[in-house]
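S.K.: Give me a 3D structure for the following:
(2 chains)
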Amino acid sequence: NAGVTQTPKFRILKIGQSMTLQCTQDMNHNYMYWYRQDPGMGLKLIYYSVGAGITDKGEVPNGYNVSRSTTEDFPLRLELAAPSQTSVYFCASSYSGASAQYFGPGTRLTVL
Amino acid sequence: RKEVEQDPGPFNVPEGATVAFNCTYSNSASQSFFWYRQDCRKEPKLLMSVYSSGNEDGRFTAQLNRASQYISLLIRDSKLSDSATYLCAVNDNDMRFGAGTRLTVKP
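M.R.: Residues are numbered from 1 along each chain as shown, chains lettered A, B, ... in the order given. Okay, here's the model as predicted:
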């Protein structure tokens, strides 16, 4: 099993551009999550999903959108990128809401 | 008060030392607990779950104290490769991560 995979690994965006961060898991997990982690800081939850077709906001959803059309995929969309969105983005999945989360390798995003 | 708190460190210890980290949580209804390890510029990786009776995995021991609302991680015989940031995670309907404790093991 590959676990949780994310693409791209790195990306530089200009202010106002848009992009989609891809996340795929092959563990048949129902729950998936998107976090951002700023340098030296903890994880902040952006959005999460408890199953295909169901998504909900986390702590810092502004400027982002998600969709969950399949169990495996949970893309994160950035619209109108801003310098404040410069961060490392981690996708994670878990079997249930109470079980351990497994993280992808992250996408390092810089907005200039 | 933060929902999950950790001493940020850094903890600087010599090889072979024993080091312990604590993580306090505010919600007494929290149900599941975990320790993660995060290397620089990498993703958090599950180190171990924390069970009510305490559990051990090699040099690592995790314990839960529900009365005082904290979990702990003990690392015995520290290795250079143990240098990392250790995150605790506590679930109370939502998974809440601590900001991490940084450990550096020196020769």
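S.K.: Count residues in the vicinity of residue A:3, would you?
M.R.: Neighbour count of residue A:3, defined by other C-beta atoms under 10 Å in any protein chain shown: 14. Where you see a C-beta, it was placed from the backbone N, CA and C, and this is true even at glycine.
S.K.: Then residue A:106?
M.R.: The number of residues near residue A:106, taken as other C-beta under 10 Å, comes to 22.
S.K.: Report the separation between it and chain B.
M.R.: 5 Å (C-beta to the nearest C-beta, to the nearest Å).
S.K.: who's in contact with that residue?
M.R.: Neighbouring residues of residue A:106 by C-beta atoms under 8 Å, 6 or more residues apart in numbering or on different chains: A:6, A:9, A:37, A:88, A:89, A:90, B:42, B:43.
S.K.: Just the pLDDT at it, thanks.
M.R.: Here, the pLDDT recorded for residue A:106 equals 98.
S.K.: Next, give phi and psi for it.
M.R.: Backbone torsions for residue A:106, taken as degrees, to the nearest 10, come to phi 100, psi 160.
S.K.: Let me see the mean pLDDT of stretch B:35-52.
M.R.: 96.
S.K.: Pull out the buried positions in that stretch.
M.R.: B:35, B:36, B:37, B:38, B:43, B:44, B:47, B:48, B:50 (16 or more other C-beta atoms under 10 Å in any protein chain shown).
S.K.: now, which of these sits nearest chain A?
M.R.: residue B:43 (4.0 Å; C-beta to the nearest C-beta).
S.K.: Now the closest one: closest residue in space, sequence neighbours ignored.
M.R.: Leaving out its chain neighbours, the residue that sits closest to residue B:43 by C-beta to C-beta, 6 or more residues apart in numbering or on different chains is residue A:103, at 4.0 Å.
S.K.: thought that neighbour was touching residue A:4?
M.R.: Yes. Using C-beta atoms under 8 Å, residue A:103 is in contact with residue A:4, at 6.2 Å.
S.K.: Residues in contact with both of these two, list them for me.
M.R.: Common neighbours of residue A:103 and residue A:4 (C-beta under 8 Å, 6+ apart) are A:91, A:92.
S.K.: Near chain B, which residues of chain A are found?
M.R.: Residues of chain A lying close to chain B (C-beta under 8 Å from any C-beta of the partner chain) are A:33, A:41-43, A:45, A:88, A:90, A:94, A:97-106, A:108.
S.K.: In PyMOL, how would I select the buried members of those?
M.R.: Buried subset of these, written as a PyMOL selection, criterion 16+ other C-beta under 10 Å:
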select buried, chain A and resi 33+42+43+45+88+90+94+97+99+100+101+102+103+104+105+106
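S.K.: For the spatially most central residue of chain A, which non-adjacent residue is closest in space?
M.R.: Geometric centre of chain A, nearest residue: residue A:34, 3.1 Å, by C-alpha atoms, centre = their mean. Among residues not flanking residue A:34 along the chain, residue A:46 sits closest, at 4.4 Å (C-beta to C-beta, 6+ apart).
S.K.: if I look at the one you found, how far off is residue A:109?
M.R.: Residue A:46 is 12 Å from residue A:109, where distance means C-beta to C-beta, to the nearest Å.
S.K.: Just want to know which of the two has more residues nearby.
M.R.: residue A:46 (24 against 20).
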